[in-house]
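Participant: The sequence isn't on hand, but the structure is:
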């Protein structure tokens, strides 16, 4: 057994740093020494999922042990982790929808807390098995994961930058490139310039969008958005219901008709319909942030021929998309290092969450020395 310091959620809104024990990997499992773990709003939410678990679903590190059925990884390989773990055999994986695998998906398999497919070995806390968030549990010195959760790092990249690829970067970039398929020369609106929104912006820039309009209530975030590719910004008013006033501004900026694409990245249920107000007739609205609450939509917003899509995780195919993102990073097209605004020790997780809620960071990352 290997001991590991980890952030353990208590299931009732809190966490503590505790010692866990990890069994040697079996089957197709690998043991990864985590070098860096991204900090996400989902990690904050995981404290209240009703059961103890090892927190964290973004991470990168080095393989230290492999199970007997592992074929594509060796001890010493540097890897970035992916939380939507494909089986490659189910109906959805065969359809190319690896992000919604019917066997392993942490979301579609009916268990948002830990993932749908149990691993062979155990992570123990107080001598009892404990679940790992999204079958990863990256806020830990070591993580026991399936081989399919790992993608080799093939370019020179700091672990802190590699760690953030497996959630917000992929979600933002993939929503643009894989889901909406933004066309070269298109106009794009991005509602919300947090970590996911910034990656939508740079995804749109990489896709060749000619006009990228960022909307936020925080002027500092809008300034940050320009670094990632926003060509225009709109400072929204908190009292602007449904962002209809902002939508009117967008229309004046897009020849009076609205943008070709609009992406909602705020996670505010009241703004779930807002991207529909931003796009032209036959435009595409994309709900990126994962709103799951019941909302009311004025059907007039759909007039005419507008599309509204709700992709998960940018339709990620990890062994295809992650190498593409690595190559874009190596060429200087994908901004990652600068996105990691601040790093923290695991023991500073409380401060890291506070900074996240205050909007101080593009992205905060835990670094394990």
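Facilitator: Received the coordinates, thanks. Bear in mind the structure is a predicted one, so any value in this text is a computation, not a measurement. Residues are numbered from 1 along each chain as shown.
Participant: Let me know the secondary structure of residue 177.
Facilitator: helix (DSSP: H, G, I helix; E, B strand; the rest coil).
Participant: Low-confidence ranges, the stretch 1-150 of the chain, go.
Facilitator: Applying pLDDT under 70 to the stretch 1-150 of the chain flags the ranges 108-120.
Participant: The stretch 151-300 of the chain now?
Facilitator: Checking the stretch 151-300 of the chain against pLDDT under 70 turns up nothing.
Participant: now the helices: where do they sit in this protein?
Facilitator: All helices of the chain, identified by DSSP state H, fall at 41-45, 91-94, 159-163, 170-174, 195-207, 219-228, 244-253, 274-278, 318-331, 349-357.
Participant: now the fourth one, how far from the centre of its chain.
Facilitator: When you say that, I think you mean helix 170-174. 7 Å (CA atoms, centre = their mean, to the nearest Å).
Participant: I'd like to know which elements that helix is packed against.
Facilitator: Helix 170-174 is packed against helix 195-207, helix 318-331, with contacts defined by 3 or more CB pairs under 8 Å, 6 or more residues apart in numbering; DSSP states H and E. C-beta: built from backbone N, CA, C; applies to glycine.
Participant: who wins for proximity to residue 182 among the helices of the chain?
Facilitator: For the helices of the chain, proximity to residue 182 was assessed by CB to CB; helix 195-207 is nearest, at 4.4 Å.
Participant: And that closest one, what does it pack against?
Facilitator: helix 170-174, strand 187-191, strand 211-216, helix 219-228, strand 259-264.
Participant: Of all the ones you listed, which one comes closest to residue 335?
Facilitator: helix 219-228 (5.9 Å).
Participant: Okay, buried residues for the closest one please.
Facilitator: The neighbour-count check on helix 219-228 (16 or more other CB atoms under 10 Å) flags 221-222, 224-225, 228 as buried.
Participant: Switch those residues over to CSV; also include distance to residue 206.
Facilitator: As requested, those are exported to CSV (distance: CB to CB, whole Å):
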residue, distance to residue 206
221, 20
222, 20
224, 17
225, 15
228, 10
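Participant: re earlier: with respect to residue 64, which of the helices of the chain lies nearest?
Facilitator: helix 159-163 (14.2 Å).
Participant: Tell me, how many residues neighbour the closest residue to residue 53 other than its chain neighbours?
Facilitator: Leaving out its chain neighbours, the residue that sits closest to residue 53 by CB to CB, 6 or more residues apart in numbering is residue 131, at 4.5 Å. Applying other CB atoms under 10 Å, we find 21 residues neighbouring residue 131.
Participant: now residue 188
Facilitator: With other CB under 10 Å as criterion, residue 188 counts 33.
Participant: May I ask you to confirm that residue 142 is in contact with residue 1?
Facilitator: No: using CB atoms under 8 Å, residue 142 is not in contact with residue 1; the gap is 10.6 Å.
Participant: just to revisit the earlier point, which one, of the helices of the chain, ends up nearest to residue 62?
Facilitator: helix 159-163 (8.5 Å).
Participant: Check which helices and strands the closest one sits against.
Facilitator: Using 3+ CB pairs under 8 Å, 6+ apart, helix 159-163 sits against strand 29-38, strand 60-66, strand 78-81, strand 340-344, strand 363-367.
Participant: Direction included, what does the longest one pair up with?
Facilitator: Read that as strand 29-38. Taking DSSP bridges as the criterion, strand 29-38 forms sheet pairs with strand 60-66 (antiparallel), strand 142-146 (antiparallel), strand 363-367 (antiparallel).
Participant: Now do that strand against strand 340-344, angle only.
Facilitator: 110 degrees (axes from the mean of the first three to the mean of the last three CA atoms, to 10 degrees).
Participant: For the remainder of this discussion, apply numbering that starts at 341.
Facilitator: That works, and once the first residue is 341, the last one we named lands at strand 369-378.
Participant: any idea how far strand 369-378 is from the chain center?
Facilitator: 17 Å.
Participant: how about that strand: buried residues?
Facilitator: Neighbour-count burial for strand 369-378 [16+ other CB under 10 Å]: 369-378.
Participant: same question, the second one
Facilitator: By 16+ other CB under 10 Å, the buried positions in strand 400-406 come out as 400-403, 405-406.
Participant: Outside of that strand itself, which residues are in contact with it?
Facilitator: 364-365, 369-376, 413-421, 482-483, 487, 490, 493, 499, 502-503, 505-506, 708 (CB atoms under 8 Å, 6 or more residues apart in numbering).
Participant: Just the buried ones from those?
Facilitator: So, by 16+ other CB under 10 Å, the buried ones in the contacts of strand 400-406 are 365, 369-376, 413, 417-421, 482-483, 487, 490, 493, 499, 502-503, 505-506, 708.
Participant: how is this protein carved up into domains?
Facilitator: Domain segmentation of the chain under automatic domain parsing yields 342-504+676-707, 512-652.
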